[in-house]
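Asker: got a sequence here, can you build the structure:
(2 chains)
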Amino acid sequence: GNSVTQMEGPVTLSEEAFLTINCTYTATGYPSLFWYVQYPGEGLQLLLKATKADDKGSNKGFEATYRKETTSFHLEKGSVQVSDSAVYFCALSRNYGQNFVFGPGTRLSVLP
Amino acid sequence: DTAVSQTPKYLVTQMGNDKSIKCEQNLGHDTMYWYKQDSKKFLKIMFSYNNKELIINETVPNRFSPKSPDKAHLNLHINSLELGDSAVYFCASRVLGQGDTGELFFGEGSRLTVL
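Answerer: Below is the predicted model:
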């Protein structure tokens, strides 16, 4: 079946540090890949997405590249801020969108 | 103008009671979902409706019954509430016609606490 694996958290970084959150997936065919962010007390919101191999999604300084050869979609940011503290979810969409599968989430805490 | 709205945001109730959570989307989407998020933030899909038709029905106790009166609304009714039902329930919607590329739009969640 389709599944998403993420690095376990929590991840704690100092402000301006480099961030990587690893995400790998298992799926048949060519899924679309997404990163969602959940700030404390809020719902999930789309951070970025990529719909085919080698696509790079980017938003708010975050980037992720769809790597089919390694079935990965790692999230990166060059310099994190305290306001980036949140839970980050990697997700995939397959089977014409009926099946939208989320990873377990990675909590990020950024300290001033 | 809220795109996906859920009511109530907070719900505290006793074991054994029956409760409902309502969801409405004004995005013109054709597909709606209910997800359950546990205390460790893990998201589990429960149900999905496409144009009022049930298309995803995961392994969920039959105490949970979704109802979609039209494609803009998806309600969740829970009978005989148990302690383990305590969680945050998220409604989401998307356009299934966009295939696998359409993003999910989430509501703000409904936190259910069963005492």
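Asker: what's in contact with stretch B:37-56?
Answerer: For stretch B:37-56, the surrounding residues in contact (CB atoms under 8 Å, 6 or more residues apart in numbering or on different chains) are A:38, A:44, A:87, A:89, A:98-102, A:104-105, A:107, B:30-36, B:57-58, B:60, B:64, B:66, B:68-71, B:74, B:76, B:87-90, B:96, B:109. Heads up, the C-betas are built off the backbone N, CA and C, glycines and all.
Asker: what subset of the residues you listed is buried?
Answerer: A:38, A:44, A:87, A:89, A:98-102, A:104-105, A:107, B:30-36, B:64, B:66, B:68, B:71, B:74, B:76, B:87-90, B:96, B:109 (16 or more other CB atoms under 10 Å in any protein chain shown).
Asker: for residue A:64, the count of nearby residues, please.
Answerer: Neighbour count for residue A:64, taken as other CB atoms under 10 Å in any protein chain shown: 27.
Asker: which ones among the contacts of stretch B:37-56 lie within helices?
Answerer: Among the contacts of stretch B:37-56, no residue falls in helices (DSSP state H).
Asker: out of the residues you listed, which sit inside strands?
Answerer: Mapping the contacts of stretch B:37-56 onto strands (DSSP state E) picks out A:38, A:44, A:87, A:89, A:99-102, A:107, B:31-36, B:57, B:64, B:66, B:68-70, B:74, B:76, B:87-90.
Asker: what residues does chain B put near chain A?
Answerer: B:4, B:31, B:33, B:40-43, B:45, B:48, B:50, B:55-56, B:90, B:92, B:94, B:96, B:98-109 (CB under 8 Å from any CB of the partner chain).
Asker: among those, the buried ones, what's the ChimeraX command?
Answerer: Typed into ChimeraX, the line below selects the buried ones among the residues of chain B next to chain A, using 16+ other CB under 10 Å:
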select /B:4,31,33,41,43,45,48,50,56,90,92,94,96,98,100,101,102,103,104,105,106,107,108,109
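Asker: in its sheet, what does the helix or strand of chain A with the lowest mean pLDDT sit against?
Answerer: The least trusted helix or strand in chain A, going by mean pLDDT, DSSP states H and E, turns out to be strand A:99-102, with a mean of 86. Using DSSP bridges, strand A:99-102 pairs in its sheet with strand A:86-94 (antiparallel).
Asker: report the backbone C-alpha coordinates of the partner strand in PDB.
Answerer: Presented in PDB, the C-alpha positions along strand A:86-94 are these (Å, rounded to 0.1, in the frame of the first residue of the first chain):
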ATOM      1  CA  ALA A  86       5.400  23.800  14.200                       C
ATOM      2  CA  VAL A  87       4.600  20.300  13.200                       C
ATOM      3  CA  TYR A  88       5.500  19.400   9.600                       C
ATOM      4  CA  PHE A  89       3.700  16.600   7.700                       C
ATOM      5  CA  CYS A  90       4.900  14.900   4.500                       C
ATOM      6  CA  ALA A  91       2.000  13.500   2.400                       C
ATOM      7  CA  LEU A  92       1.300  11.800  -0.900                       C
ATOM      8  CA  SER A  93      -1.800  11.600  -3.100                       C
ATOM      9  CA  ARG A  94      -2.400   8.600  -5.200                       C
END
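Asker: ok, and what's touching that strand?
Answerer: A:2, A:4, A:6, A:9, A:21, A:23, A:25, A:27-29, A:31-40, A:44, A:47, A:73, A:75, A:99-103, A:105-108, B:41, B:43, B:100-102, B:104.
Asker: try 6 Å
Answerer: Strand A:86-94 is contacted by residues A:2, A:4, A:6, A:21, A:23, A:25, A:27, A:31-39, A:100-103, A:105-107, B:41, B:100 when judged by CB atoms under 6 Å, 6 or more residues apart in numbering or on different chains.
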